[in-house]
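S.K.: pasting the sequence and the predicted model now:
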Amino acid sequence: MDLKDIKAIIDLMRKNAISEFELERQEFKIRLKRATNGGQTVTFDDTAGPNPAQIVATTTTLPARATDAPLGTIDIKSPMIGTLYRSPSPESSPYVDVGSEVGPDTVVCIIEAMKVMNEIKAEVRGVITQAMADNAKPVEFGQPLFKVRPL
């Protein structure tokens, strides 16, 4: 793995709001973790050589990612990795659509993870202004699913 690959992984972490990444192969191990000060902590173990070395480096603070959210909206984010379904079954209408009013206990979608259907609740009172994830597509932890204008 070269520096270009590591930079690409860091870029993906920033774009998808991933706080930690770890990859282990026979010849190396890399772990990227977002530090609390906004920087990245990078640990690289090269176990292929005769004398394994460990390098720990901290990059400069990354610029804050600009949000596309209009002022006054709140994101409902995915609490897990899985497959998002906007309705309880393929024949059913979606739990919510743009313009739907939701409360803290309103189910907005389900996420299937390891053959378990997990109901995702709005946890906020407001109106859905945008659906940001596609039905029957994978979602990542922390990925915005819906935008809500609070009431």
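M.R.: Happy to help now that I have it. As the structure is a prediction and not an experimental result, all values here were calculated from the model. Numbers count the residues shown, from 1 in each chain.

S.K.: switch to C-alpha atoms for all contacts and neighbour counts from now on
M.R.: OK.

S.K.: correct me if wrong: Asn118 contacts Ile111.
M.R.: Yes - between Asn118 and Ile111 there is a contact under Cα atoms under 8 Å: 5.2 Å.

S.K.: more neighbours: the two, which one.
M.R.: Shown here are Asn118 and Ile111; by other Cα atoms under 10 Å, Ile111 has more neighbours (24 against 17).

S.K.: what lines up beside whichever helix or strand that one is part of in the sheet?
M.R.: Using DSSP states H and E, Ile111 sits within strand 107-113. Sheet partners assigned to strand 107-113 using DSSP bridges are listed as strand 82-85 (antiparallel), strand 116-121 (antiparallel).

S.K.: pick the most deeply packed of those.
M.R.: strand 82-85 (a mean of 22; mean count of other Cα atoms under 10 Å).

S.K.: quick one: name whatever helix or strand follows that one.
M.R.: strand 101-102.

S.K.: what's the offset of that following strand from the middle of its chain?
M.R.: How far strand 101-102 lies from its chain's middle: 23 Å, per Cα atoms, centre = their mean, to the nearest Å.

S.K.: output the contacting helices and strands for it.
M.R.: In terms of contacts (3 or more Cα pairs under 8 Å, 6 or more residues apart in numbering; DSSP states H and E), strand 101-102 is packed against strand 126-131.

S.K.: what lies in contact with the strand it packs on?
M.R.: Identification of contacts with strand 126-131 by Cα atoms under 8 Å, 6 or more residues apart in numbering yields 96-103, 145-151.

S.K.: pick out the most distant pair among those.
M.R.: Greatest spatial distance among the contacts of strand 126-131 (Cα to Cα): Leu145 and Leu151, at 18.7 Å.

S.K.: which one of those two has more residues nearby?
M.R.: Just comparing Leu145 and Leu151: by other Cα under 10 Å the higher neighbour count belongs to Leu145, 20 against 10.

S.K.: isn't that one up against Lys137?
M.R.: No - between Leu145 and Lys137 there is no contact under Cα under 8 Å: 11.4 Å.
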